[in-house]
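# My questions are about this predicted structure, shown below with the sequence.
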Amino acid sequence: MISINDIPWVQLLKQNHYHASPRDWSDQVIYFLLIDRFSDGNEDGYKDVAGQIIHGTTQRFSPGDAGNAVQTQADIQNWQSAGAQWLGGTLKGIQSKIGYLKRLGVTSLWISPVLRQRPGVDDYHGYGTQNFLEVDPHFGTAQDFKDLVDAAHAAGLNVILDVILNHSADVFQYDTVDPNTGRFYEPMWNGDTFPVAGWRDGSGVPSLPFPTPVNPADTDAAVWPKELQADGVFTRKGKIGNWDHVPETTEGDFEGLKDIHQGTGPVDDYTPSAAMQVLTEAYQYWIAYADVDGFRVDTVKHMDRGAMRYFASAIHEFSQTLGKDSFLLVGEITGSREDAVEIRDETGLDAALGLADVQGQMVDTVKGWTNPQNYFDLFRNSYQVDKASHTWFRNHVVTNFDDHDLVRMGRSYKARFASDQEGSALELAVLAMNATTLGIPCIYYGSEQRFDGKFPTAADPHPATDFKADRYIREAMFGGNFGSFRSRGRHFFDESAEVYMQLANILAIRRNDLALRRGRQYLRPISEDGISFWYPTRIGPGRMTSVVAWSRIIANREVVCAMNTDVVSRRAAWVTIDAGLHSIGDKFQCAYSTEQGQQGSEVAAEGRNGLAISIDVGPAGFVIMAP
């Protein structure tokens, strides 16, 4: 399709059945993957959705394969270079792993942007869209996308698509020339509008007049649909230099990607630009065509709030006409909890994602580098965010500890949770905490296989300013030339892996226990001797090694979860429970433990600190105690 007017709305809307929205998104478990890095469909020995073993050409990873891609300095450089390039994951590959995801306990699949990127550029991540009405051929076809969503729905999974409104790909070149070299350069934001040399043609050269519409046959050039080639679509203000300066953050270009003018006016009297209206209709098309269940909206921090409100309202209204009454809009809002609450409430987004304090505090709590109270306080009733109930945080915040950007770590260094010795040991503990505390839990692909996302040597030849550090947290599940653990040619779809199996058990318990999905949340005081109780606290410069316990309560039902941040020794503790719900002698049964022999055992409540139960947790372990 060349024009937004080419969308065949009459034909599309003849479909009389669309997949219904979940009743409550807080019941969901989201799994986020990058299409290019997940599966190419050629793996050997994985199971399909029916549990049948499928044969392919890529063998499964074994511990002896670790480091097979970095044996020499040349190997290291080749492996590094591969990580910044297209690797070959496809939509059909994802579809082939629906069974893997379902058996893990995933209920919603969030996939990276699927739309067409600029030809000849290694935008494998999908965040530099050149054509908003086509699927990128690296990933497959539009029909492949629809087939994936249909297969997910048939298996009981929802699909959330990553979308971009803030910018397009690097589709034109500024007419700014370095007087010393005679070369074009990307100007930095200073409030001025910069001249443009031309649209980039299919080879990336700015040879086409700007903003003259491009020949419809030349869809590799400029940006599409053609309505986005009109004068005034782009702000043309140059790169953002100060990421916290307004209006620089909303007008400037996100690195080389080109900022789109979204509209004008205050939030309550906002006039969307023609470009924003075109983008909104384009994404409505993908809802109608592919039957997706939600959008994760990229870089909301850099958008006008009025534009985000316009988009949210239009998308919610449109999806309701298709019977999707709770179409999910998750906004990537990097920064503080307070900012996220304000933006979410003002724009009509359903949930916020990417809150640095939530992600960072979860990581540091499990690794013992902060007081657990700091994490749990983020979800308490708080004047800071003007919310009176835990219910806001339950389904309006998507929680995770790893993702594809890890913005909180800066730009020069990126590493997954399991990149150090303690993190590797505590991977299941952090996944369990994410699954059993407030918020909609989101698993980043590979976490269930303990991906460690780290660099093999001390010297990275690529500058940090080139976003090259991101590659190390974007390993290929299917192996290829950039597999995890510095490997190549081995896949990681191992349902017998310890973390995968244990997490599947935890998610099954969560799925069947309303308290773990929707209950109120309380960090619990603990005691070693049953007399002196305290909240776990980090003392001194080292890691805190302790039992950390919390309760989830709904109505009169309390479930207690506990983890041990000590990766060497088991820990026992008395854990305070709600004396208003229980009596001395009431029994709690171990519904789950990382030590299988502990499951099914019972403990009785005793009159300590009101009421308490004794919990024993193995090294880096996790337990769930239920009445």
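In hand now; what should we look at? Residues are numbered from 1 along each chain as shown.
# so the residue nearest to S419 when sequence neighbours are not counted, which of the three states?
The shortest distance from S419 to any non-neighbouring residue, by C-beta to C-beta, 6 or more residues apart in numbering, is to K454 (4.0 Å). C-beta coordinates here come from the backbone N, C-alpha and C atoms, glycine included. Judged by DSSP: H, G, I helix; E, B strand; the rest coil, the three-state class of K454 is coil.
# same question, G99
G99 ends up helix, using three-state DSSP.
# can you give me the strands for the stretch 301-450 of the chain?
Taking DSSP state E, counting those that start in this stretch, the strands of the stretch 301-450 of the chain run over residues 328-335, 351-355, 397-399, 440-444.
# out of these, which comes closest to M625?
Judged by C-beta to C-beta, the one of these that comes nearest to M625 is strand 440-444, at 19.8 Å.
# any idea which helix or strand carries the nearest residue to R510 once chain neighbours are set aside?
Spatially, and ignoring its direct neighbours in sequence, R510 is nearest to L516 (4.5 Å; C-beta to C-beta, 6+ apart). Using DSSP states H and E, L516 sits within helix 514-518.
# Give me the buried stretch members for that helix, please.
By 16 or more other C-beta atoms under 10 Å, the buried positions in helix 514-518 come out as 515-518.
# Alpha carbons only: can I get that helix in CSV?
Taking Å, rounded to 0.1, in the frame of the first residue of the first chain, the C-alpha atoms of helix 514-518 are listed here in CSV:
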residue,chain,number,x,y,z
LEU,A,514,-6.0,-14.9,43.0
ALA,A,515,-4.0,-13.5,45.9
LEU,A,516,-0.7,-13.8,44.0
ARG,A,517,-2.2,-12.0,41.0
ARG,A,518,-4.4,-9.3,42.5
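# Just the residues contacting that helix, thanks.
Contact with helix 514-518 is made by 24, 26-27, 394, 435-436, 509-511, 552-554, 557-559, 561, 624, as judged by C-beta atoms under 8 Å, 6 or more residues apart in numbering.
# From the residues you listed, which land in strands?
552-554, 557-559, 561, 624 (DSSP state E).
# so where's this structure uncertain?
Counting by pLDDT under 70, the ranges of the chain that qualify are 356, 381-392, 455-467.
# For the stretch 401-550 of the chain, just list every one of the helices.
421-425, 427-436, 498-511, 514-518 (DSSP state H, counting those that start in this stretch).
# and those helices as CSV, adding distance to W224?
Output for the helices of the stretch 401-550 of the chain, formatted as CSV (distance: least, C-beta to C-beta, whole Å):
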stretch, distance to W224
helix 421-425, 43
helix 427-436, 39
helix 498-511, 41
helix 514-518, 42
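# for the ones you listed, which one sits closest to V214?
Comparing those by C-beta to C-beta, helix 427-436 comes nearest, at 45.9 Å.
# Which other helices and strands does the closest one contact?
helix 356-367, strand 440-444, helix 498-511, strand 557-564, strand 622-626 (3 or more C-beta pairs under 8 Å, 6 or more residues apart in numbering; DSSP states H and E).
# List the contacts of E427.
Counting by C-beta under 8 Å, 6+ apart, E427 touches 417-418, 447, 450, 499.
# Looking at those, which one is closest to S601?
V499 (23.1 Å).
# what's near enough to touch that closest one?
427-428, 431, 447-450 are the contacts of V499 under C-beta under 8 Å, 6+ apart.
# R490: which of the contacts of E427 is nearest?
Nearest to R490 among those, counting by C-beta to C-beta, is R450 at 14.5 Å.
# Could you measure from that closest one over to A288?
Separation of R450 from A288 (C-beta to C-beta, to the nearest Å): 39 Å.
# With N481 instead?
From N481 across to A288, the span is 37 Å (C-beta to C-beta).
# now swap in V300 and tell me
Distance from V300 to A288, by C-beta to C-beta: 24 Å.
# Between these two, which is the more surrounded one?
Set V300 next to A288 and count neighbours by other C-beta atoms under 10 Å: V300 wins out with 27 against 21.
# Show me what the closest residue to that one other than its chain neighbours is bridged to.
Leaving aside its chain neighbours, V300 sits nearest to G331 (3.9 Å; criterion: C-beta to C-beta, 6+ apart). Beta-bridge pairing for G331 (DSSP bridges): V297, A352.
# Wait, G331 touches I343, no?
Yes - with contact taken as C-beta atoms under 8 Å, G331 and I343 are classed as touching, separated by 6.8 Å.
# Which one of those two is surrounded by more residues?
G331 (26 against 20).
# ok, now which ones touch that one?
By C-beta under 8 Å, 6+ apart, G331 lies in contact with 296-297, 300, 308, 343-344, 347, 349, 351-353.
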